[in-house]
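Asker: model this:
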Amino acid sequence: MRVVRLSARFPRVTRHAGAAVLAAVACVVGVSAQPASAAPPGIPSKATAQSQLNALTVATQGSTSGYSRDLFPHWITISGSCNTREQVLKRDGTSVVVDSSCAATSGRWYSPYDGATWTAASDVDIDHVVPLAEAWRSGANSWTTSRRQSFANDLSRPQLIAVTDNVNQSKGDQDPSTWQPPLSSYRCTYSKMWITVKHSWGLTLQSSEKSALQSMLNNCSS
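Answerer: Reported below is the predicted structural model:
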């Protein structure tokens, strides 16, 4: 299948309009037919995710007061000259070539959120599935900086994933009650990722968030 770099034909757009346009374009040109990215580690089965969701504490969302991305240090060095972002780009991409500083110079990245395929690392963001600000409002405000750094660079759970930059920007710090991947076929996986990250890190969730996650999870076959 020929890789289509969408930005070569279509102007960049932002926020929610960008997500909708990219998803629609991906369907037209056929780049969403077969995912070309590796799945993040630790995605649970439907049954496990359901048990984890049932175990999560429902609480009123906390305040963003005092929050700063600087309180979640990232990206940190993981191996040699490679930082967390570069590690995820190598993990999630195909045929990725890096230079001596570990920056990706070529490759291909499939964004499961919207079905777009990119051939420039600059078109790809590394999304925190559970956003840093959302984590802060859900209990991370009481963590040590060291624990917040571990959360922001978590490569052992499905917390980090390479996606289209505009789609990541449209998501912002929203939870599943107000934002879900434009590609509806990925929402089952997204719900399982979100649930297991919150469960693993002992974060709380709101009732509206839990309802949205349950609805998404109900559509999972396994």
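
Asker: Does W75 touch R69 like I think?
Answerer: No - the pair W75 / R69 is not scored as a contact, 11.4 Å apart, by Cβ atoms under 8 Å. Placement of C-beta: from N, CA and C, glycine included.

Asker: ok, those two, which is more surrounded?
Answerer: More crowded of W75 and R69, by other Cβ atoms under 10 Å: W75, with 16 against 13.

Asker: Let me know whether my guess that that one is in a strand holds.
Answerer: No - applying DSSP: H, G, I helix; E, B strand; the rest coil, one finds W75 to be coil, outside a strand.

Asker: how close does it get to A152?
Answerer: 8 Å (Cβ to Cβ, to the nearest Å).

Asker: shared neighbours of those two, which are they?
Answerer: T84 (Cβ atoms under 8 Å, 6 or more residues apart in numbering).

Asker: ok now the helix or strand where S208 lies, how far from the chain's centre?
Answerer: Following DSSP states H and E, one finds S208 within helix 207-218. Computed by Cα atoms, centre = their mean, to the nearest Å, the separation of helix 207-218 from the middle of its chain amounts to 17 Å.

Asker: So which bits of that helix are buried?
Answerer: Counting neighbours by 16 or more other Cβ atoms under 10 Å, one finds that the buried residues in helix 207-218 are 209-210, 212-213, 216-217.

Asker: And for stretch 65-78?
Answerer: For stretch 65-78, by 16+ other Cβ under 10 Å, it's 67, 71-72, 74-75, 78.

Asker: what kind of secondary structure is A162 in?
Answerer: strand.

Asker: Please, where are all the helices along this structure?
Answerer: Assigned by DSSP state H, the helices in the chain fall at 15-29, 46-55, 84-92, 132-137, 145-152, 165-171, 187-200, 207-218.
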